[in-house]
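Undergrad: what follows is a predicted structure for the sequence shown.
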Amino acid sequence: MKSNADILKMKTASAEELKAQILSMKKDMMKMRFELTTGQLKDVSSISKTRKNIARLKTFLNANNNKTK
C-alpha cells in the first residue's frame with residue numbers, strides 16, 4: 001500500500017506530472033508482461049500492483065480535472 005507521503009504527492013502533482021507517471025508505469029507494465037512470458041519475472045504480483053497504481057494515478061488525474069471545471 002502507498003504511504004501517506006506518496007498519496008500526498010499524487011494529490012498535489014500537476015496533470016502533466018501525473019500523465020508522465022502513468023506513461024512510465026505503462027512502459028514498466030509492458031516490460032513486465034514480456035518478462036512474464038519469457039519466464040524472467042521474479043515477482044508476478046508486481047504486475048497487479050503496477051496496474052493498481054496506474055488506476056490510482058488516473059483517479060487523481062480525473063479528480064484534478066473535475067476541480068478545475
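TA: Everything's here; your move.

Undergrad: element containing the residue nearest to the spatial centre of the chain, please.
TA: Residue closest to the average C-alpha location in the chain (C-alpha atoms, centre = their mean): Ile54, at 2.9 Å. Secondary structure from DSSP states H and E places Ile54 in helix 45-68.

Undergrad: run through who's touching that helix.
TA: By C-beta atoms under 8 Å, 6 or more residues apart in numbering, the surrounding residues in contact with helix 45-68 are 2, 10-11, 13, 15, 18-19, 21-22, 25-26, 28-29, 32-33, 36, 41. Where you see a C-beta, it was placed from the backbone N, CA and C, and this is true even at glycine.

Undergrad: 6 Å instead, please
TA: 10, 15, 18, 21-22, 25, 29, 32 (C-beta atoms under 6 Å, 6 or more residues apart in numbering).

Undergrad: could you dump the residues you listed into JSON lines and include distance to Ser46 and pLDDT?
TA: Formatted as JSON lines, these follow (distance: C-beta to C-beta, whole Å; pLDDT from 0 to 100):
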{"residue": "Met10", "distance to Ser46": "19", "pLDDT": "77"}
{"residue": "Ala15", "distance to Ser46": "26", "pLDDT": "86"}
{"residue": "Leu18", "distance to Ser46": "21", "pLDDT": "91"}
{"residue": "Gln21", "distance to Ser46": "16", "pLDDT": "93"}
{"residue": "Ile22", "distance to Ser46": "17", "pLDDT": "95"}
{"residue": "Met25", "distance to Ser46": "11", "pLDDT": "95"}
{"residue": "Met29", "distance to Ser46": "9", "pLDDT": "96"}
{"residue": "Met32", "distance to Ser46": "6", "pLDDT": "96"}
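
Undergrad: cool, thanks, signing off.
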